[in-house]
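# Kindly generate the corresponding structure for this input.
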Amino acid sequence: MSTTTVETPAAAGDKGAAAPGPGTVRRRGETGLGAALASHGILIAASLAALFPIAWLVFLSLGPDKDDYLHPGDIWGKMTLDNYAFVLQDTNFFDWLKSTLVVSLGTTLIGVVIAASTGYAVSRMRFPGYRKFMWVLLVTQMFPVAVLMVPMYQILSELQLIDTYLGLILVYCSTAVPYCAWLLKGYFDTIPFEIDEAGRVDGLSPFGTFVRLILPLARPGLAVAGFYSFITAFGEVAFASTFLLDDTKYTFAVGLQSFVSEHDAQRNLMAATAVLVAIPVSAFFYLVQKNLVTGLTAGGTKG
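The predicted structure is shown next:
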């Protein structure tokens, strides 16, 4: 007697599920191997393009002769640290370092304080002309340095601030504060008004609310404003070379010009100095890098 086995639909479905398909189904959000390789290749190429100038500068700084940049292949056989020793021992490098830090940190401190109070006032208070005030700050950024040089020199001369750190700090604040005020105003707009109301309920004054409640929440925005102010003062040349007369008060940007004369340029010493100059900026960037991305993106979410 023969027995016939009847396959049920459920059993047929189990077999179909167990059998591997002809291809793997890609989940949503996953990228293929080709796309992953392409994106990694682009990122590697971009990283190499960004790192190459730095590596090239460090390489040229190891050449002992001022014309080694014309024949970079010859540097391999005669690398030396003499350029760094000369810059550190036979120039006013540490005077330049002191001047640069005084001016940069002073600009950062004063500029961020003014910009934060300005941005908070425009964000929270509706005084007559507050919108026009912000536009006036923006218009001040449209004037070139050459136009501002003469009137600023006259003002500083009347105030007896020529060849002083304070005079140069005030000049840099005039450049950094308008941008930072706009940046922080946008960031303060993202902080709920209920926090200000809660501070007033607790008996805080508007200034107390600003200092004790708002500023801690605005730390990423303050970090971006501080970094911009620091970089503005650190690398500026035109104002520093005009308003500083004593070579012991030169900043790094002006001090580098001492390696260039009318008929000669000591590029090996300039390269070594540039590498040393990059150390303070890198250290400052390392301190604020955690808040930079947050501050740059959050300030643009609400106008």
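# Now do the contacts for Phe210.
Listed by C-beta atoms under 8 Å, 6 or more residues apart in numbering, the contact set of Phe210 reads 117, 120. Where C-beta positions appear, they are placed from N, C-alpha and C, glycine not excepted.
# Distance of it relative to Leu156?
As defined by C-beta to C-beta, to the nearest Å, Phe210 lies at a distance of 31 Å from Leu156.
# for the record, mean pLDDT for stretch 152-163?
Averaged over stretch 152-163, pLDDT sits at 92.
# Tell me how far that stretch lies from the chain's centre.
29 Å (C-alpha atoms, centre = their mean, to the nearest Å).
# what sits up against that stretch?
Under C-beta under 8 Å, 6+ apart, the answer for stretch 152-163 is 167, 170-171, 174, 239, 242-246, 249.
# again, 6 Å this time
167, 171, 243-246 (C-beta atoms under 6 Å, 6 or more residues apart in numbering).
# Name the residues of that stretch that come out as buried.
Buried residues in stretch 152-163, defined by neighbour count with 16 or more other C-beta atoms under 10 Å: 152-153, 156, 161.
# Straight-line length of it, end to end?
This stretch, stretch 152-163, spans 13 Å end to end (C-alpha to C-alpha, to the nearest Å).
# Spell out which helix or strand contains the closest residue to Tyr187 other than its chain neighbours, please.
Spatial nearest neighbour of Tyr187, excluding adjacent residues (C-beta to C-beta, 6 or more residues apart in numbering): Gly221 at 3.4 Å. Using DSSP states H and E, Gly221 maps to helix 219-234.
# wait, Thr108 sits on Phe230?
Yes. Judged on C-beta atoms under 6 Å, Thr108 makes contact with Phe230 at a distance of 4.7 Å.
# which is the next helix or strand following the lowest-mean-pLDDT helix or strand in the chain?
Averaged element by element with mean pLDDT, DSSP states H and E, the chain has its least confident helix or strand at helix 9-18 (a mean of 49). Downstream of helix 9-18, the next assigned helix or strand under DSSP H and E is helix 33-61.
# Can you name the element that comes right after that following helix?
By DSSP H and E, the next helix or strand past helix 33-61 is helix 82-90.
# What's the mean pLDDT across that next one?
The model assigns helix 82-90 a mean pLDDT of 90.
# What residues of that helix count as buried?
83-84, 86-87.
# still on that earlier bit, reformat the buried residues of stretch 152-163 as JSON lines; add distance to Pro64 and secondary structure.
Supplementary listing: the buried residues of stretch 152-163 in JSON lines, determined by distance: C-beta to C-beta, whole Å; DSSP: H, G, I helix; E, B strand; the rest coil:
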{"residue": "Met152", "distance to Pro64": "42", "secondary structure": "helix"}
{"residue": "Tyr153", "distance to Pro64": "41", "secondary structure": "helix"}
{"residue": "Leu156", "distance to Pro64": "42", "secondary structure": "helix"}
{"residue": "Leu161", "distance to Pro64": "42", "secondary structure": "coil"}
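# so which of these would you say is closest to His263?
Closest approach to His263 among the buried residues of stretch 152-163 (C-beta to C-beta): Tyr153, at 29.3 Å.
# one step back: please export the C-alpha coordinates of the helix holding Gly221 as CSV.
The C-alpha coordinates for helix 219-234 follow below in CSV (Å, rounded to 0.1, in the frame of the first residue of the first chain):
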residue,chain,number,x,y,z
ARG,A,219,28.9,77.8,26.8
PRO,A,220,29.2,76.4,23.2
GLY,A,221,28.3,79.7,21.7
LEU,A,222,30.7,81.5,23.9
ALA,A,223,33.4,79.0,22.9
VAL,A,224,32.9,79.8,19.2
ALA,A,225,32.9,83.6,19.9
GLY,A,226,36.1,83.2,22.0
PHE,A,227,37.8,81.2,19.3
TYR,A,228,36.9,83.7,16.6
SER,A,229,38.1,86.6,18.7
PHE,A,230,41.4,84.8,19.6
ILE,A,231,42.1,83.9,15.9
THR,A,232,41.2,87.5,14.8
ALA,A,233,43.8,89.0,17.1
PHE,A,234,46.4,86.2,16.8
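# Output the contacting helices and strands for that helix.
When contacts are defined as 3 or more C-beta pairs under 6 Å, 6 or more residues apart in numbering; DSSP states H and E, helix 219-234 packs onto helix 93-124, helix 165-189, helix 267-298.
# Give me the buried positions along that helix.
Buried-residue list, helix 219-234, by 16+ other C-beta under 10 Å: 220-234.
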